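Enquirer: have a look at this prediction, sequence included:
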Amino acid sequence: MTNFVITTQFLENYGAHCEDGKFKSGNAYWKMKGGTDYLVSGLDRIQDAVAFVAAQCMANEIGYKEFPVEWKTESEWLDDLPSDEDYREHILDQLQRVNPQEVCK
């Protein structure tokens, strides 16, 4: 089995902080935020890894949404990390490790 890294993007709805945050009311105000890299093990296909992360790890609320923006094998992802040791270590420390037998944190 190959490990896969699924990268997500967050959106935050500032309109949901003090209003209902709905487009219909004119209160939706979405802003791009950071994201998460999920290392998925225990699956054979990248499509299954994307679907697993979407089903188990991502939020979809009126005030907050998360969605996949990139997917790679673990080796492709590691090859693309920056060469700066401190930054590389920081990215590796933030990596969320998940598999189908566990619930995402």
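Expert: That came in fine, so what should we check first?
Enquirer: which SS class is E89?
Expert: helix (DSSP: H, G, I helix; E, B strand; the rest coil).
Enquirer: for it, give its distance to V5.
Expert: Noted for E89: a distance of 16 Å to V5, by CB to CB, to the nearest Å. For the C-beta atoms, the positions are set from N, CA and C on the backbone; glycine is no exception.
Enquirer: ok, now W71?
Expert: 7 Å.
Enquirer: ok, these two, which is more surrounded?
Expert: Between W71 and V5, counted using other CB atoms under 10 Å, V5 has the larger neighbour count: 23 against 19.
Enquirer: what bridges to that one?
Expert: For V5, the beta-bridge partners are L39, K72 (DSSP bridges).
Enquirer: so who does it touch?
Expert: D37, Y38, L39, V40, W71, K72, T73, E74, E76, W77, L95 (CB atoms under 8 Å, 6 or more residues apart in numbering).
Enquirer: against K31, how distant is it?
Expert: 25 Å.
Enquirer: again, but for W77
Expert: For W77 relative to K31 (CB to CB), the value is 26 Å.
Enquirer: with A55 instead?
Expert: A55 is 25 Å from K31, by CB to CB.
Enquirer: how about the helices of the chain, start to end?
Expert: 15-18, 46-56, 74-79, 85-94 (DSSP state H).
Enquirer: convert the helix or strand bottoming out on mean pLDDT in the chain to CSV, retaining C-alpha atoms only.
Expert: Every helix and strand of the chain was ranked by mean pLDDT, DSSP states H and E. The lowest is helix 15-18, at a mean of 79. Only the C-alpha atoms of helix 15-18 are listed here, as CSV (Å, rounded to 0.1, in the frame of the first residue of the first chain):
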residue,chain,number,x,y,z
GLY,A,15,-20.6,36.8,8.6
ALA,A,16,-21.4,33.9,10.9
HIS,A,17,-19.6,35.5,13.9
CYS,A,18,-22.3,38.1,14.6
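Enquirer: which of the contacts of V5 are buried?
Expert: Buried members of the contacts of V5, counted by 16 or more other CB atoms under 10 Å: D37, Y38, L39, V40, W71, K72, W77.
Enquirer: with that, I have no additional questions.
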